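1. Coordinates for the following, if possible.
(2 chains)
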Amino acid sequence: GAGVSQSPSNKVTEKGKDVELRCDPISGHTALYWYRQSLGQGLEFLIYFQGNSAPDKSGLPSDRFSAERTGGSVSTLTIQRTQQEDSAVYLCASSPGGADLEQYFGPGTRLTVT
Amino acid sequence: AQTVTQSQPEMSVQEAETVTLSCTYDTSESDYYLFWYKQPPSRQMILVIRQEAYKQQNATENRFSVNFQKAAKSFSLKISDSQLGDAAMYFCAYRRGRDDKIIFGKGTRLHILP
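-> Below is the predicted model:
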């Protein structure tokens, strides 16, 4: 079946602009995660959704970052007033929960803020 | 807070040889999950192997095996008969619960020498 998809694949934006990154999880997966991978670094957790609610937002770096999930499916990560330090690859993962431990990752969106 | 440390930023191994990637972690939990992920240049995160902390037996997946030392909080990955396709970034990762964020190390870049 189809895996996790993310769009756009690459995004270049000017400092100060707002951007929206989209994640389409695997159908039926109840849990959805956003991570950020800065150049040469490991993945940094941003936010976790269970259904449409976000029980863990502890990784969002500032109030410029927000995310929502609708219909228990698609999620959008929004970054307002982008800064150069926001440049990174943003990865989304979904998980069916229950006995399946695995988080299935999308290909990521590479964001470049100029 | 839980942390994951990979002390080898880069490693090289001759094709067909065996290589071991090191990982240590810190947690006060007694039950948790450990993972090794592979990230090739395509950016796609691929789960290589996982270990449940309550299991004493080391996990094995074909050419990949782990040495899990719970008391020492060590979780190394051994790759046998290295192949050119094994070249990638390898991330050690920790997860406290089934529906929980994953905490990643900073990664080890593995080069395979023909």
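
2. For the rest of this, base every contact and every neighbour count on C-alpha atoms.
-> Noted.

3. can you tell me how far the spatially closest residue to residue A:18 that is not a sequence neighbour sits from residue B:73?
-> Spatial nearest neighbour of residue A:18, chain neighbours left out: residue A:80 (4.3 Å); criterion: CA to CA, 6 or more residues apart in numbering or on different chains. Noted for residue A:80: a distance of 40 Å to residue B:73, by CA to CA, to the nearest Å.

4. Over to residue A:104?
-> Relative to residue B:73, residue A:104 is positioned 26 Å away (CA to CA).

5. residue ranges of the strands in the chain, please?
-> By default, I'm working from chain A. Under the criterion DSSP state E, strands of chain A are mapped to A:5-7, A:10-13, A:19-24, A:31-37, A:43-50, A:53-56, A:65-69, A:75-79, A:88-95, A:104-105, A:109-113.

6. not quite, I wanted chain B
-> Using DSSP E, strands in chain B cover B:3-5, B:10-14, B:19-21, B:24-26, B:33-39, B:46-52, B:60-61, B:64-69, B:74-79, B:88-95, B:102-104, B:108-113.

7. closest one to chain A among those?
-> strand B:102-104 (5.8 Å; CA to the nearest CA).

8. for that closest one, which positions count as buried?
-> Using 16 or more other CA atoms under 10 Å in any protein chain shown as the test for burial, strand B:102-104 gives B:102, B:103, B:104.

9. and these as JSON lines, adding distance to chain A and pLDDT?
-> Listed next are the buried residues of strand B:102-104 as JSON lines, based on distance: CA to the nearest CA, whole Å; pLDDT from 0 to 100:
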{"residue": "B:102", "distance to chain A": "7", "pLDDT": "90"}
{"residue": "B:103", "distance to chain A": "7", "pLDDT": "93"}
{"residue": "B:104", "distance to chain A": "6", "pLDDT": "94"}
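
10. which one of the residues you listed is nearest residue A:41?
-> Using CA to CA, residue B:104 comes nearest to residue A:41 of the buried residues of strand B:102-104, at 9.4 Å.

11. which ones are touching that closest one?
-> Residue B:104 is in contact with A:42, A:43, A:44, B:3, B:4, B:91, B:92, B:93, B:94, counting by CA atoms under 8 Å, 6 or more residues apart in numbering or on different chains.
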